[in-house]
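>>> Curious how this folds, go ahead:
(2 chains)
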There are 2 protein chains.
Amino acid sequence: MPAVPKHREAMIESAVRLFRRQGYAATGLAEILSTSGAPKGSLYHYFPGGKAAIGAEAVRRAGERVTATLTELAASSSGAGELIARYLELLAGWMRRSGFRDGCPITTTLLETAPQDEAIRKAGADAFAAWAAVVEAAAWAQGVPLERATPLARFAVAAVEGALIQCRVAGDETPLAEAAAQLADLFAAAGA
Amino acid sequence: MPAVPKHREAMIESAVRLFRRQGYAATGLAEILSTSGAPKGSLYHYFPGGKAAIGAEAVRRAGERVTATLTELAASSSGAGELIARYLELLAGWMRRSGFRDGCPITTTLLETAPQDEAIRKAGADAFAAWAAVVEAAAWAQGVPLERATPLARFAVAAVEGALIQCRVAGDETPLAEAAAQLADLFAAAGA
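Numbering: from 1, shown residues only, chains lettered A, B, ... in the order given. Sure thing, here's the model as predicted:
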């Protein structure tokens, strides 16, 4: 039976949390190690590529978590508008409870490192594409033709990202509710 | 005649450029000083508040520049959809020419520092509000009732921010063109 790489998991979890709250550059390896409880030697054992490797893995992991949440919500939503509205309600709750400190788990890191760091950039592009694919499938299921669903889904992901930034900067969740309403209108019109 | 604070200006310009490309935390005061050509002693003379004070001023300055560009474009646009499409064409050109390194001049800094740093957060909130006000006026001028123009304009600013992130991460300007098309549809429908 292979050893469970629990320290590796703990380091990724710490990195996701810290990068989201304070950004990539402001987060040192020592802070990731100390908040993860992993022993010092384990960092370069699991991440020979150092901080950039942790950054790429943290973006990948956080992206997959969002994809999983979206997929779960999509299974019980009647279309893309409802899916996005329910996801944005979740986000609004998280933002409120964190005092508007927890934004998108990948945007800050991406803006700090893309396009210079290719592994992180690629992890971010994959995440955005996976999120859009879930929204696209939900739009198609509600009757939006694929040639409209594809760009609309990508636009919806962008608009949600932007609304989350506004929410964080305003310290107010109104931008999320506004984005949900506008996107629901767009998907409804495209499916009519 | 008061002395022209040319070193102060040069430092702000350097900060705007560096924060946009590499982020706030990754940019040291020494780098801002050296790229600005200002003498070492001038930093704390003009910015007794240190880096956070430069951060707030850089966000304010960059925000005002975007507002000025939007206002200029609005004067010769027939509505909010055209205004946004023309602005996004400008952005696409800048992104392309910078190898997708120059994103929004304020988002990265805001995500790294909000809501912890109140002066930077406030400068960002003011910038977003000023941009939305220009878009709102353009929408109103094209016949969108104010109760629709206000939330739509805020949403448009969010969507443009999100599209710019996607553009940077994808290394491709398609997200900007898609956002322009979707937003033009929304404003046209609201004004009909």
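
>>> hey, let's count contacts and neighbours off CA atoms from now on
OK.

>>> For chain A, which helix or strand comes out least confident on mean pLDDT?
Least confident helix or strand of chain A, by mean pLDDT, DSSP states H and E, is helix A:42-46 with a mean of 89.

>>> Show me what whichever helix or strand comes after that one is packed up against.
Toward the C-terminus, helix A:42-46 is succeeded by helix A:50-75 as the next helix or strand (DSSP states H and E). Judged by 3 or more C-alpha pairs under 8 Å, 6 or more residues apart in numbering or on different chains; DSSP states H and E, the packing partners of helix A:50-75 are helix A:6-22, helix A:80-97, helix A:118-141.

>>> Give me the contact list for the least confident helix or strand of chain A.
Helix A:42-46 has contacts (C-alpha atoms under 8 Å, 6 or more residues apart in numbering or on different chains) with A:7, A:8, A:33, A:50.

>>> buried sites along it?
Within helix A:42-46, the residues that count as buried by 16 or more other C-alpha atoms under 10 Å in any protein chain shown are A:43, A:46.

>>> Repeat that for stretch A:81-96.
Neighbour-count burial for stretch A:81-96 flags A:81-89, A:91-92, A:95-96 (criterion: 16+ other C-alpha under 10 Å).

>>> Ok, stretch A:145-162 next?
Neighbour-count burial for stretch A:145-162 [16+ other C-alpha under 10 Å]: A:149-162.

>>> Need the residues you listed in JSON lines (columns: distance to residue B:121, secondary structure and pLDDT).
As requested, these are exported to JSON lines (distance: C-alpha to C-alpha, whole Å; DSSP: H, G, I helix; E, B strand; the rest coil; pLDDT from 0 to 100):
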{"residue": "A:149", "distance to residue B:121": "35", "secondary structure": "helix", "pLDDT": "97"}
{"residue": "A:150", "distance to residue B:121": "34", "secondary structure": "helix", "pLDDT": "96"}
{"residue": "A:151", "distance to residue B:121": "32", "secondary structure": "helix", "pLDDT": "95"}
{"residue": "A:152", "distance to residue B:121": "30", "secondary structure": "helix", "pLDDT": "96"}
{"residue": "A:153", "distance to residue B:121": "30", "secondary structure": "helix", "pLDDT": "97"}
{"residue": "A:154", "distance to residue B:121": "28", "secondary structure": "helix", "pLDDT": "97"}
{"residue": "A:155", "distance to residue B:121": "26", "secondary structure": "helix", "pLDDT": "97"}
{"residue": "A:156", "distance to residue B:121": "25", "secondary structure": "helix", "pLDDT": "98"}
{"residue": "A:157", "distance to residue B:121": "24", "secondary structure": "helix", "pLDDT": "98"}
{"residue": "A:158", "distance to residue B:121": "21", "secondary structure": "helix", "pLDDT": "97"}
{"residue": "A:159", "distance to residue B:121": "20", "secondary structure": "helix", "pLDDT": "98"}
{"residue": "A:160", "distance to residue B:121": "20", "secondary structure": "helix", "pLDDT": "97"}
{"residue": "A:161", "distance to residue B:121": "17", "secondary structure": "helix", "pLDDT": "96"}
{"residue": "A:162", "distance to residue B:121": "15", "secondary structure": "helix", "pLDDT": "97"}
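
>>> Tell me the one of those nearest residue A:129?
residue A:154 (7.7 Å; C-alpha to C-alpha).

>>> So, low pLDDT: which residues of chain A?
Residues of chain A that meet the criterion pLDDT under 70 lie in A:1-4.

>>> The residue nearest to residue A:149 when sequence neighbours are not counted: neighbour count?
Once flanking residues are discounted, residue A:149 sits nearest to residue A:136: 5.3 Å by C-alpha to C-alpha, 6 or more residues apart in numbering or on different chains. The local packing of residue A:136 (other C-alpha atoms under 10 Å in any protein chain shown) involves 25 other residues.

>>> Now do the contacts for residue A:136.
With C-alpha under 8 Å, 6+ apart, residue A:136 has these contacts: A:80, A:146, A:149, A:150, A:152, A:153.

>>> Now render those as JSON lines, adding distance to residue A:108.
JSON lines is the format used below for the contacts of residue A:136 (distance: C-alpha to C-alpha, whole Å):
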{"residue": "A:80", "distance to residue A:108": "26"}
{"residue": "A:146", "distance to residue A:108": "31"}
{"residue": "A:149", "distance to residue A:108": "27"}
{"residue": "A:150", "distance to residue A:108": "25"}
{"residue": "A:152", "distance to residue A:108": "24"}
{"residue": "A:153", "distance to residue A:108": "22"}
